[in-house]
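K.L.:
with the input below, show me the fold.
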Amino acid sequence: MTYQLLESIGDPADLRKLDRRRLPQLVKELRDFIVESVSSTGGHLASNLGTVELTVALHYVFHTPHDRLVWDVGHQTYAHKILTGRRVGMAGLRQHGGIAGFPRREESPYDTFGTAHSSTSISAALGMAVAARLAGEARRAVAIIGDGAMTAGMAFEALNNAGAMDANLLVVLNDNDMSISENVGALNNYLARLLSGRFYAAARRASDKVLGVVPPIRALARRAEETMKGIVTGGTLFEGFGFNYIGPIDGHDIDALVSTLTNIRKLDGPQLLHVVTRKGKGMPVAEDDPILYHGVSKFDPVVGIVPKGGGKPTYTQVFGDWLCDMAAKDRRIVAVTPAMREGSGLVRYSQEYPDRYFDVGIAEQHAVTFAAGLACEGLKPVVAIYSTFLQRGYDQLIHDVCIQNLPVVFAVDRGGLVGADGPTHHGTFDLSFLRCLPNMTVMAPSDENECRQMLYTACTLGTPAAVRYPRGAGPGVVPEQAMTSFDIGCGIVRRAGKRIAILAFGSMVGPSLVAAESLDATVADMRFVKPIDAALIAELADSHDLIVTVEENAVAGGAGSAVTEVLAKQGRQHHVLQLGLPDRFVDHGDPALLLRLCGLDAAGILRSIQARLHR
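P.N.:
Coordinates of the predicted model:
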């Protein structure tokens, strides 16, 4: 496929030289290129197809990078990357050493703010707008928010602050009625009512005329615009925050976008442009199933995604099956997720137990405290959440769950290195930040059956508990249908050896067992990070010369640190080697490659131990 016009665009300055009449052809080539590119590398597809016209229009109207574009939920920025000099780099998208799937400041001056978690754009763009004002610089700051990010409280905190500051800030609300799963909540319903109003079509036609008028009758146009907005919406939520609300307009009409943005660029103060887009636009199968095509592996762009069958179940699937089994036995079981039904394995549960399933939107803080409220009333809430997203609810975890010692179970998915999404999505700190909390029990399964039994164990405690498991499939152990509770704080010896004792946590048990064969080392599956098995540690310290701890978590403050704390408390002066993730943010890439580079595959563990023995 040829991309004659697209290939002529080296940066946005080239784009701004184009005649506006050529923009539709550029949009077509750009959308085709995204499909072809992502089909070869994998990545986020539907969200990027939905923002092609908007991206072209923004770079066409605003003088980037002097004017700042701040993208929210950075998985909608592939068109932005392509137009800002990284078209060739898309061949290495999300691969180790290649460009990231999200904006990164170190990657390009056009990536003004690094992002991959949602709802940060308005806050960051407001900071940039205020900084420009303080410096006396005539530059614009634009926040592009959407894909569910308006369901998070942080976005509204920023809106409230921005309206009070009267900064020259444009917020573009990319309204595609989707996040990763379907959008939920009152705001989504509000926008849906607005768009389905009987005056919408007339309002849009009037808005096109109003926004295109010449300056001498701007005051009249403004009054007409206000009248029309009042008819359609009865006053908007956003104007209550102090924003001048404009829209809604068709986010796939490139000419309307350029005209509207050109006029908005001349306005002072907080502006909010509401654009309506379709996730997966231009690719019929992605439009029909934007959830399936949200994040994809490599696929045939002609055939589309062919579902794969068979293979080992993932830890996420083990969790989903366990939760359904538990719900069948106990009506007090309820599930809470912050907009991650598919990713957290809750599809089947949401279908079988809809009255006990709660998707709270992209609102991790609310999810944790909501679960605490459920627990106060005698229910047994299970919060299904990624490790990286639990970070956002940490204050609530401490204050609303642990201090009150409430029986909330946290199914912490994606613990460890997750791969192509990179440092913003790696779950590298949870063992450290969970184990320091009073009343919290922390478990890490080494296989699928341990995962199932640990989840059941967590439900029996009556206190806060977390089961932390990695992304993807385990070693292939078939989970036992019967559920039994583990002895709290007890590990087991998987292999008996001499001199060297490897204390492995969760996903590191498998590679530790392989490394131990060459060393004739003992391997303990510690199972619990908190409370940790002090008796087993003492026993192994008495019978071995070297203690080695291995975890897929930051070494600082992690499970290995718990072992050294036990040894110090017991007054033992023992040789300890702590292996884990390095004190830096690990880049994106294939998970197996990343583990090897961090020295956490079997060969790396063996190499580190041998180096320690020969010191």
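K.L.:
looking at the chain, which helix or strand does the model trust least?
P.N.:
Within the chain, confidence by mean pLDDT, DSSP states H and E is lowest for helix 200-211 among all helices and strands, at a mean of 40.
K.L.:
dump stretch 255-265 to CSV, keeping only the CA atoms.
P.N.:
What follows is stretch 255-265, C-alpha atoms only, in CSV (Å, rounded to 0.1, in the frame of the first residue of the first chain):
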residue,chain,number,x,y,z
ASP,A,255,-13.3,20.6,7.8
ALA,A,256,-15.6,21.3,10.8
LEU,A,257,-12.8,20.5,13.2
VAL,A,258,-10.3,22.8,11.5
SER,A,259,-12.7,25.7,11.3
THR,A,260,-13.8,25.3,14.9
LEU,A,261,-10.3,24.9,16.3
THR,A,262,-9.1,27.9,14.3
ASN,A,263,-11.8,30.1,15.9
ILE,A,264,-11.2,28.7,19.4
ARG,A,265,-7.5,29.4,19.2
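K.L.:
what comes up buried for that stretch?
P.N.:
Residues of stretch 255-265 classed as buried by neighbour count (16 or more other C-beta atoms under 10 Å): Ala256, Leu257, Val258, Ser259, Thr260, Leu261, Asn263, Ile264, Arg265. To be clear about C-beta, it is placed using only N, CA and C from the backbone, and glycine gets the same treatment.
K.L.:
cool, and stretch 346-358?
P.N.:
Leu346, Tyr349, Ser350, Tyr353, Arg356, Tyr357, Phe358.
K.L.:
list the contacts of it.
P.N.:
The contact list for stretch 346-358, computed with C-beta atoms under 8 Å, 6 or more residues apart in numbering, reads 320-321, 323-324, 327, 331, 333-337, 340-341, 359, 370, 384.
K.L.:
just the buried residues of stretch 255-265 now: which is nearest Val493?
P.N.:
Leu257 (64.3 Å; C-beta to C-beta).
K.L.:
just the strands in the stretch 401-550 of the chain please.
P.N.:
409-413, 441-443, 465-468, 492-495, 500-504, 522-525, 528-530, 546-554 (DSSP state E, counting those that start in this stretch).
K.L.:
paired strands for the fourth one, with orientation please.
P.N.:
So the one you mean is strand 492-495. Here strand 492-495 is paired, per DSSP bridges, with strand 522-525 (antiparallel).
K.L.:
now find how far off-centre the partner strand is within its chain.
P.N.:
34 Å (C-alpha atoms, centre = their mean, to the nearest Å).
K.L.:
neighbouring contacts of that strand?
P.N.:
Under C-beta under 8 Å, 6+ apart, the answer for strand 522-525 is 446, 450, 491-498, 500-504, 509, 512-513, 516, 536, 540, 544.
K.L.:
where does the protein dip in pLDDT?
P.N.:
Across the chain, the ranges flagged by pLDDT under 70 are 147, 177-236, 306-310.
K.L.:
what residue is smack in the middle of it?
P.N.:
His117 (5.0 Å; C-alpha atoms, centre = their mean).
K.L.:
quick revisit: write the PyMOL selection for whichever of the contacts of stretch 346-358 are buried.
P.N.:
With 16+ other C-beta under 10 Å as the burial test, the buried ones among the contacts of stretch 346-358 are selected in PyMOL as follows:
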select buried, resi 320+321+323+324+327+333+334+335+336+337+340+341+359+370+384
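K.L.:
from the contacts of stretch 346-358, which is closest to Phe113?
P.N.:
Looking across those and measuring by C-beta to C-beta, the closest to Phe113 is Met340, at 23.4 Å.
K.L.:
go ahead and confirm that closest one touches Phe389.
P.N.:
Yes - contact criterion C-beta atoms under 8 Å: Met340 and Phe389 qualify, at 7.4 Å.
K.L.:
hmm, back to that, the residue nearest to the centre of the chain and Leu390 touch, don't they?
P.N.:
No - between His117 and Leu390 there is no contact under C-beta under 8 Å: 11.5 Å.
K.L.:
buried stuff in stretch 541-555?
P.N.:
Buried, per 16+ other C-beta under 10 Å, within stretch 541-555: Ala541, His544, Leu546, Ile547, Val548, Thr549, Val550, Glu551, Glu552, Asn553, Ala554, Val555.
K.L.:
ok, which pair from these is furthest apart?
P.N.:
Maximum distance among the buried residues of stretch 541-555 (C-beta to C-beta): 25.1 Å, for His544 and Ala554.
K.L.:
out of the buried residues of stretch 346-358, which comes closest to Cys598?
P.N.:
Leu346 (30.5 Å).
K.L.:
look up phi and psi at the closest one.
P.N.:
When read as degrees, to the nearest 10, the backbone of Leu346 gives phi -110, psi 10.
K.L.:
just to revisit the earlier point, which member of the buried residues of stretch 541-555 is positioned nearest Pro423?
P.N.:
After measuring these against Pro423 - C-beta to C-beta - the closest member comes out as Ala554, at 11.9 Å.
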